[in-house]
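S.K.: A structural model of the following input is requested.
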Amino acid sequence: MQLINPIKTPSFLQKIQWVADPVGYMESAAKEYPDIFTARIIGFGGTLIFVNHPQALQEILTNDRKKFAAPGDVNEILQPLVGNYSIFMLEGDRHRKRRQLVMPSFHGERMRNYGDLIRNITEKTISNLPQNQPFLARTAMQEISLQVILEAVFGLHEGERCEQLKRGLTAISDLFRSPLSSSFLFFPWLQKDLGAWSPWGKFVRDRAAIDKIIYTEIAERRSSPNPNRVDILSLLMSARDEQGNPMTDQELRDELMTMLLAGYETTATAMAWALYWTQQKPEVRNKILQELDTLGNSPDPMSIFRLPYLTAVCNEILRIHPVTMLTFPRVVREPVELLGHKLEPGTYIVGSMYLIHQREDLYPQPKQFKPERFLERQFSPYEFIPFGAGARRCIGDALAQFEMKLVLATILSRYQLALTDNQPEIPRRRGVTLAPSRGVKMVITGQRVRPESQLTMATT
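M.R.: Residues are numbered from 1 along each chain as shown. Reported below is the predicted structural model:
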């Protein structure tokens, strides 16, 4: 197969750079080949064509199942985390039907039910942090995001089972907290259980402990069904496919692990970046607060969700720091031409969310944080693509954006924060995602006083 714009670095070095410094790898490749290039990296089949041109992405992602297929087996890098029956691993009709089963849990009226839940968890978490003592924003956001997921997905609010799940999930995700430890996902020969003290051995045992909790919860609900429960696990257990069959225990377990790991880690990272940028840019923070203050003392969550400037800020955070770097891979099914290049069947291709969001022709001065760009023009789903697109678009995108806006609004409207130093945060690999390298170190300096309160105090 003739390679399109192949990166000239030796294959082994490309693999190392992709794991150690994915941002540097993509940016140097895009300097040489701005729209399309062939990478020899680890994961997703090894040889992979990167595309970061909007029209080409539209061609790929709107022709799912025709010219391009979205296979599940190339996502095997995620298998140790989510299992064989996760929506990530399914393809074709099985994938489509699973999406139809899961999708209602994250949209429509369900969203309203999550509003007060998100605000209450946020307030409880932040109020427990000591004032004027450094804390890591990403750790605090993990706590919020994980509790939201546990309550929304499992209906677990407190108790030993809830705490055990929290500890287990935190331990699993923390194994992949750096580029070095992320190597366990990318190099299968490192996945050796050498006992409880070995990194992979610990992962296997933590995963087994989580599985035990999940299967116990499923068994108890099967034996004592409660029609009044509205958490996502209950909805999935009551769902039936076209033949009237429920999901098996294994399918439920894998889907729950997918939601837990994909939902809480990514959202926590996005919210940590949000706190970072709103402290780096006081004028941005002040505009958000002015907009929030127009809603009065007890704004409805959906009113917060619809605020235009807050939306622009969150979009700019997801643009400049997309948590996931790539769309799920597609494979060419029939000979096609893309950007003037002929692609043969069997070729694997991905869209680079990161590189699309760094295009000068779409986002002038792309390294600058400018929320106004989202107020000044509308971007297509192939120009702004933080949640992917097409058949593999993130199912939880609406909940993630809802949570991000509500958490940011709740914290900024009630607390005064400050970064502990002026060192810039840079994105670094964390598993298959990008996260702030230092975790965003902050302090709470006090409670925020609303302008009306200040006015009342001045006149009394």
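
S.K.: which residues touch residue 252?
M.R.: Contact analysis of residue 252 by C-beta atoms under 8 Å, 6 or more residues apart in numbering lists 214, 218, 233, 236-237. The way it works is simple: take the backbone N, C-alpha and C, and place the C-beta from them, glycine included.

S.K.: Test for you: state the pLDDT assigned to it.
M.R.: The score at residue 252 is 91. That number is its pLDDT.

S.K.: From residue 355, how far out is residue 27?
M.R.: Here the criterion is C-beta to C-beta, to the nearest Å. By it, residue 27 lies 8 Å from residue 355.

S.K.: Look up the pLDDT of the residue lying closest to residue 330 once chain neighbours are set aside for me, please.
M.R.: Nearest residue to residue 330, sequence neighbours excluded (C-beta to C-beta, 6 or more residues apart in numbering): residue 68, at 4.1 Å. At residue 68, the predicted lDDT confidence score is 87.

S.K.: Test my guess that residue 68 contacts residue 331.
M.R.: Yes. Using C-beta atoms under 8 Å, residue 68 makes contact with residue 331 at a distance of 6.8 Å.

S.K.: neighbouring contacts of the helix or strand containing residue 331?
M.R.: In the assignment (DSSP states H and E), residue 331 maps to strand 330-332. Strand 330-332 has contacts (C-beta under 8 Å, 6+ apart) with 60-61, 64, 67-71, 74, 343-350.

S.K.: Please repeat the previous calculation with a cut-off of 10 Å.
M.R.: For strand 330-332, contacts defined as C-beta atoms under 10 Å, 6 or more residues apart in numbering pick out 45, 49, 51, 60-61, 63-65, 67-71, 73-74, 91, 338, 342-351, 390-392.

S.K.: Please spell out the PyMOL selection for the buried subset of the residues you listed.
M.R.: Applying 16 or more other C-beta atoms under 10 Å to the contacts of strand 330-332, the buried members can be selected in PyMOL as follows:
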select buried, resi 45+49+51+60+61+63+64+65+67+68+69+70+71+74+91+338+343+347+348+349+350+351+390+391+392
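
S.K.: Tell me which entries of the contacts of strand 330-332 lie within helices.
M.R.: 60-61 (DSSP state H).

S.K.: For the residue lying closest to residue 79 once chain neighbours are set aside, the count of nearby residues, please.
M.R.: Excluding the flanking residues, the one nearest residue 79 by C-beta to C-beta, 6+ apart is residue 89, at 6.6 Å. Using other C-beta atoms under 10 Å, residue 89 has 22 other residues around it.

S.K.: Tell me who's in contact with residue 89.
M.R.: Counting by C-beta under 10 Å, 6+ apart, residue 89 has contacts 71-76, 78-79, 82-83, 95, 98, 254, 258.

S.K.: now, which of these sits nearest residue 114?
M.R.: Nearest to residue 114 among these is residue 258, at 18.3 Å by C-beta to C-beta.
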